[in-house]
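>>> Sequence first, then the predicted structure:
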Amino acid sequence: MNMTSTCPQIKINDRLISTLHEPYVIAELSANHNGSLGNAKELVKQAKLAGADAVKLQTYTPDTITLRSSAEDFLINDGIWSGKTLYELYEEAHTPWAWHHELFDYARLIGITMFSSPFDHSAVDFLDSLGCPAFKIASFEAIDLQLIRYVASKGKPMIISTGMANAEEITEAVLCAKEGGCHQLALLHCVSAYPTPPDECNLRTIDDMRERYQLVTGLSDHSLGHAIATCSVAFGACIIEKHFTLDKDGGGPDDSFSMEPGEFKELCKNVKSAHAAIGQVSYERKSSELPNIKFRRSLYFVKALNAGDRITENCVKSVRPGYGLKPKHYDNVIGKKVKKDVQANTPVTFDILSNKKN
């Protein structure tokens, strides 16, 4: 890969996304509307209130994503969707295209960005007609180079999730997007397990991915809670995507591993705090430390002395507070004379000391 930028960035709806900016938090609605347009609009509203930067839909129909078949290949035999055919799952889970226009208008009205994951060429064209400001390639479609190339041809920012993809497949997807005309590309580290075990998250991959591809990187997180997502910021995650629901017990196919509004609000707060905490390499004294300097150790006289008296080891001690000379001057102080009377429990300062030991 051509490594030409030390801080790659993309922009979605005038929001710059890079390691220099607060993490861009995406609320993934997926199927959590549970078949209700009212729920979908409420999810958009609650995502805005929780502090999300964007809401993401998934744009497909069961016929554009799979085949109507109950053959063995099309049966789900394990996991949270066990017992369904793929067609049944996607029929239940899809967001009706008839809702999209109203949802995009509502998002604009309340001031939150909305974009989507298309799953075929017709979905790309449909979203483009709605003014969709960016496109997301889902992990399961990361190997669909035809889809990636077609999305790239729209010239809009593109985010690719990398769940299940190995390094070669990620490289193929990146090259395909760039060759197809995408000039603003981001990659999300992802583990496509629902929920994802923490010991399989391998967050160091985010930093490696940024160095390897010189692209904005982030995390599409399916783990429970917000600890993993918060930690990812320390590894350079500029984008955080989490599934969002009104009720984890709502019965939808993705509800159980999604975040409710209160938890999502904590996520937004925590990832911003994590970004602020990373800061820069600095060995300078911080402004917040200034009031506490006085509590450092320093040299104090522990007995009274008269002008001309020599300072011995039993005259001076390193103690708190910090109004005297730094303890490093101890050896230089011992053996000198005081130029004026001093009281016990007063700081040792240069103006009290004679210039020479004599």
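Everything's here; your move.

>>> Val174: what's it in contact with?
For Val174, the contacting residues are 1, 160, 185, 187, 213, 215, by C-beta atoms under 8 Å, 6 or more residues apart in numbering. C-beta here means a position set from N, CA and C on the backbone, and glycine is covered the same way.

>>> typo on my end, Val316
Per C-beta under 8 Å, 6+ apart, neighbours of Val316: 299-302, 330, 333-334, 348.

>>> Kindly state the beta-bridge partners for it.
Beta-bridge pairing for Val316 (DSSP bridges): Phe301.

>>> For it, give its distance to Pro347.
Separation of Val316 from Pro347 (C-beta to C-beta, to the nearest Å): 10 Å.

>>> for Met209, same thing?
Taking C-beta to C-beta as the measure, Met209 falls 55 Å from Pro347.

>>> For those two, indicate the residue with more neighbours.
Set Met209 next to Pro347 and count neighbours by other C-beta atoms under 10 Å: Met209 wins out with 24 against 16.

>>> Leaving out chain neighbours, which residue sits closest to that one?
Thr217 (4.8 Å; C-beta to C-beta, 6 or more residues apart in numbering).

>>> secondary structure class for the one you found?
Under DSSP: H, G, I helix; E, B strand; the rest coil, the three-state class of Thr217 is strand.

>>> Can you give me the pLDDT of it?
Looking at Thr217, its pLDDT is 98.

>>> Neighbours of it, how many?
By other C-beta under 10 Å, 27 other residues sit near Thr217.

>>> Bridged to it, which residues?
Using DSSP bridges, the bridge partners assigned to Thr217 are Leu187.

>>> Would you mind listing the residues in contact with it?
For Thr217, the contacting residues are 186-189, 206-207, 209-210, 236-239, by C-beta under 8 Å, 6+ apart.

>>> of all the residues you listed, which comes closest to Asp249?
Of all those, Leu188 has the smallest distance to Asp249: 27.5 Å, by C-beta to C-beta.

>>> Show me the domain layout of the chain.
Using automatic domain parsing, the domain parsing of the chain gives 10-278, 287-352.

>>> So which of those domains is the most surrounded?
domain 10-278 (a mean of 19; mean count of other C-beta atoms under 10 Å).

>>> how distant is that domain from the center of its chain?
Distance of domain 10-278 from its chain centroid, counting by C-alpha atoms, centre = their mean, to the nearest Å, is 14 Å.

>>> go on, stretch 277-285?
Averaging C-alpha positions (C-alpha atoms, centre = their mean) puts stretch 277-285 19 Å from its chain's average.

>>> got a list of contacts for it?
For stretch 277-285, the external contacting residues (C-beta under 8 Å, 6+ apart) are 233-234, 293.

>>> how long is it from one end to the other?
15 Å (C-alpha to C-alpha, to the nearest Å).

>>> And that stretch, what's buried?
In terms of neighbour count (16 or more other C-beta atoms under 10 Å), stretch 277-285 has no buried residues at all.

>>> Which residue ranges of the chain form helices?
Chain-ordered helices for the chain, with DSSP state H as the definition, fall at 37-50, 62-65, 86-93, 97-110, 121-129, 145-152, 167-180, 204-213, 227-232, 261-278, 330-333.

>>> which stretch in the ones you listed is the model least sure about?
Comparing mean pLDDT across those, the weakest is helix 86-93, with a mean of 92.

>>> Show me which of the contacts of Val174 is closest to Asp73.
Nearest to Asp73 among the contacts of Val174, with distances taken as C-beta to C-beta, is Ile160, at 25.9 Å.

>>> Now the closest one: closest residue in space, sequence neighbours ignored.
Using C-beta to C-beta, 6+ apart, the closest residue to Ile160 is Ile137 (4.4 Å).

>>> and the one you found, how far is that from Ala107?
Remark: distance between Ile137 and Ala107 (C-beta to C-beta) = 21 Å.

>>> now swap in Pro198 and tell me
Counting by C-beta to C-beta, the separation of Pro198 from Ala107 is 32 Å.

>>> For the nearest residue to Ala52 once chain neighbours are set aside, which residues are in contact?
Excluding its sequence neighbours, the residue lying closest to Ala52 (C-beta to C-beta, 6+ apart) is Ala27, at 4.3 Å. By C-beta under 8 Å, 6+ apart, the contact set of Ala27 is 43, 47, 50, 52, 54-56, 242, 244, 264.
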